[in-house]
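what shape does this take:
(one chain, ligands or ions: 1)
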Amino acid sequence: MTVSTTLHESEFGKAKPIPGDPGLPLLGYTLHSMLDPLGFSRKRYDKYGEISWSNTFGTRMVSMFGPDANQFVFQNRGDLFSNSQGWDFFIGKFFRRGIMLLDFEEHRHHRRIMQNAFKKPVLVQYLDEMNHPIERGIQKWLPQDDFFVLTAIKKLTLDLATEVFMGEKLGSEASVLNKAFVDTVRAGSSVVRYPVPGGRWSKGLKGRKVLEAYFMSKIAEKRASTGNDLFSQLCRAETEDGQKFSDDDVVNHMIFLMMAAHDTSTITLCTMFYHLAKNPEWQEKLRQESIALGKGHLEHDDLDKMEGMTKVMKEALRLCAPVPSVPRRTVKDVVYKNTLIPKDSLVVVSPYFTHYMPEYWKNPKQFDPDRFAEDRREDKVHPYAWVPFGGGAHMCIGLHFADLQVKAILHQILLRFKWSVDPGYTMPVDMTSLPVPGDKLPVRLEFI
Ligand code: HEM
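Residues are numbered from 1 along each chain as shown. All right, here's what the predicted structure looks like:
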């Protein structure tokens, strides 16, 4: 692979411009990329190869496809790509100064502090704190023919976030916070991207203010507490040389973390639910695995024992990457495989597209968890072929948290319920924001 991190005279001379075309007047390829992102990306890849430009979302966007491109962008050797300038257009107003929107040395500094809130002993505590609220949540579920999985899982993960992240027992304050949080998250996908009264954008700005005021009002109490919730952990988090977060940092990181954790875990669980409904033999296999464990609540040491569940989770993350594409902006001229990406280009890599490349995956559209079995390990064909959590300096800090949360929830559900869909059913995926079941995924839910 001829990639370089610094632009030498000789490379600059030889480098070609990025191929591409603008698409329709005004709209460009916005509709294509929202309605059928996979088909659209495949056409671009077949026509132009790994890198091409188009007009999408009212701006010139450079798409980079495949594992080599993922590696180049995620590794970001030489600090070529800015995260903050990439994400800013989409979520900057609502999640400003969240860790994913920081760059380079400042980002590394914040990450070193935050890492302390995600170490193994802390994760063990999060899991302990989570099991009872999960049980309380799913005990309220009742067997029915049209059980909407997305609605139920969203509520469960949001309630968990309030308890495990904020340390709030559910009451009137929690529902105000939940609403503020939902409004803030929804605003990122507004079509009208300015504050029309009553519109998504202005609700998002209001929601952000409510969250800021709430977190700020609790800081002193949390700094003094010995609580196990993420909020207390961030207040206490400290590097070996004594670096800590300021009050503003804690507030910004909490608001970002709530968002990063909630939708992504919900999407993963919905995808697992769907494929386990379509493949009842896998559902039963996982149930037997959970029964064999012999306990109602999963503990941290059990995570690696859940072999079947691990494979199904990996396959769900492959089939539906919760963060389907990841933006960056070049802060200098960059040469990638002899193509010049000029400074200030909006660049997007696509875990979603990579996960469906037949060049790397056997029958990529098929649900086949055993592709992750030790004797196959299709994901090992390239270190950046399976990238639901990204890679490099900004790689998801919550990936182990996600693992334990998703598994702890699914374990309890499997022990209590079975679920199915009609054989002809196919779940529509709404890709206008993050990929969610377009029909909220109705299943037939029964007690086992
Ligand atoms: C299945 C669930 C999840 C998926 C698929 C996922 C995916 C991702 C991806 C792709 C990124 C990289 C974005 C980039 O490079 O610009 C990321 C970053 C991040 N994720 Fe996750 N995530 C998940 C769950 C979580 C959870 C549960 C948490 C917190 C508890 C979390 C916290 C974060 C944070 C803080 C970052 C930014 C890290 C940084 O910039 O240094 N994520 N996630």
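
write out the residues of the stretch 251-400 of the chain neighbouring the ligand.
Counting by Cβ under 6 Å from any ligand atom, the residues of the stretch 251-400 of the chain lying close to the ligand are 257, 260-261, 264-265, 268, 322-323, 326, 388-390, 394, 396-398. From N, CA and C alone the C-beta is placed, and that goes for glycine too.

relative to residue 295, which of these is nearest.
Nearest to residue 295, judged by Cβ to Cβ, of these is residue 265 at 21.8 Å.

immediately after the helix or strand where the closest one lies, which helix or strand?
Per DSSP states H and E, residue 265 falls inside helix 247-278. Elements were assigned by DSSP H and E; along the chain past helix 247-278, the next helix or strand is helix 280-293.

the helix or strand that that next one is followed by vs helix 280-293, what angle?
Next along the chain after helix 280-293, taking DSSP H and E as the criterion, comes helix 307-319. Helix 307-319 and helix 280-293 are oriented at 140 degrees to each other (axes from the mean of the first three to the mean of the last three Cα atoms, to 10 degrees).

quick check, pLDDT for the nearest residue to residue 359 once chain neighbours are set aside.
Sequence neighbours aside, residue 66 is the residue nearest to residue 359 in space, at 7.7 Å (criterion: Cβ to Cβ, 6 or more residues apart in numbering). pLDDT, residue 66: 98.

residue contacts, residue 19?
By Cβ atoms under 8 Å, 6 or more residues apart in numbering, residue 19 lies in contact with 48, 49, 51, 52, 53.

would you turn these into a markdown table with secondary structure and neighbour count?
Shown next, in a markdown table, are those (DSSP: H, G, I helix; E, B strand; the rest coil; neighbours: other Cβ atoms under 10 Å):
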| residue | secondary structure | neighbour count |
| --- | --- | --- |
| 48 | helix | 17 |
| 49 | coil | 13 |
| 51 | strand | 23 |
| 52 | strand | 20 |
| 53 | strand | 21 |
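
just the residues you listed now: which is nearest the ligand?
Closest approach between the contacts of residue 19 and the ligand, by Cβ to the nearest ligand atom: residue 51, at 18.4 Å.

which residues touch that closest one?
18, 19, 62, 63, 64, 65, 69, 336, 337, 339, 341.

tell me which of those fall in helices.
residue 69 (DSSP state H).

name the nearest of the contacts of residue 51 relative to residue 183.
So of these, ranked by how close each gets to residue 183 (Cβ to Cβ), first place is residue 63, at 30.8 Å.

isn't the closest one up against residue 53?
Yes: between residue 63 and residue 53 there is a contact under Cβ atoms under 8 Å: 7.4 Å.

for residue 262, what are its contacts?
By Cβ under 8 Å, 6+ apart, the residues touching residue 262 are 154, 157, 158, 161, 181, 185.

which non-adjacent residue is nearest the first one?
It stands for residue 154. Per Cβ to Cβ, 6+ apart, closest to residue 154 is residue 266, 5.2 Å.

so which residue of the stretch 251-400 of the chain comes closest to the ligand?
For the stretch 251-400 of the chain, Cβ to the nearest ligand atom, closest residue to the ligand: residue 398, 2.1 Å.

what's the neighbour count on that residue?
Look at residue 398: counted by other Cβ atoms under 10 Å, it has 19 neighbours.

same deal with residue 176?
Count around residue 176 with other Cβ under 10 Å applied: 12.

next one: residue 340
17.

residue 333 too?
Residues lying near residue 333 (other Cβ under 10 Å) number 17.

for residue 436, same thing?
Close neighbours of residue 436, defined as other Cβ under 10 Å, add up to 23.

ok, the residue of the stretch 51-200 of the chain found nearest the ligand - contacts?
Nearest residue of the stretch 51-200 of the chain to the ligand (Cβ to the nearest ligand atom) works out as residue 100 at 3.7 Å. By Cβ under 8 Å, 6+ apart, the contact list for residue 100 reads 83, 87, 256, 260, 394.

tell me the secondary structure for residue 146?
Applying DSSP: H, G, I helix; E, B strand; the rest coil to residue 146 yields a three-state assignment of strand.

run through the bridge partners of the spatially closest residue to it that is not a sequence neighbour.
Among residues not flanking residue 146 along the chain, residue 442 sits closest, at 4.5 Å (Cβ to Cβ, 6+ apart). Beta-bridge partners recorded for residue 442 (DSSP bridges): residue 148.

mind checking how far stretch 217-235 is from the chain centre?
25 Å (Cα atoms, centre = their mean, to the nearest Å).

do you know how far the residue nearest to residue 277 when sequence neighbours are not counted is from residue 275?
Using Cβ to Cβ, 6+ apart and skipping the chain neighbours, the partner closest in space to residue 277 is residue 421 (4.5 Å). Residue 421 is 10 Å from residue 275, where distance means Cβ to Cβ, to the nearest Å.

again with residue 293
From residue 293 across to residue 275, the span is 21 Å (Cβ to Cβ).

those two: which is more packed in?
Legend: neighbour count by other Cβ under 10 Å for residue 293 and residue 275, higher for residue 275 (20 against 16).

since that was my last question, I'll sign off now.
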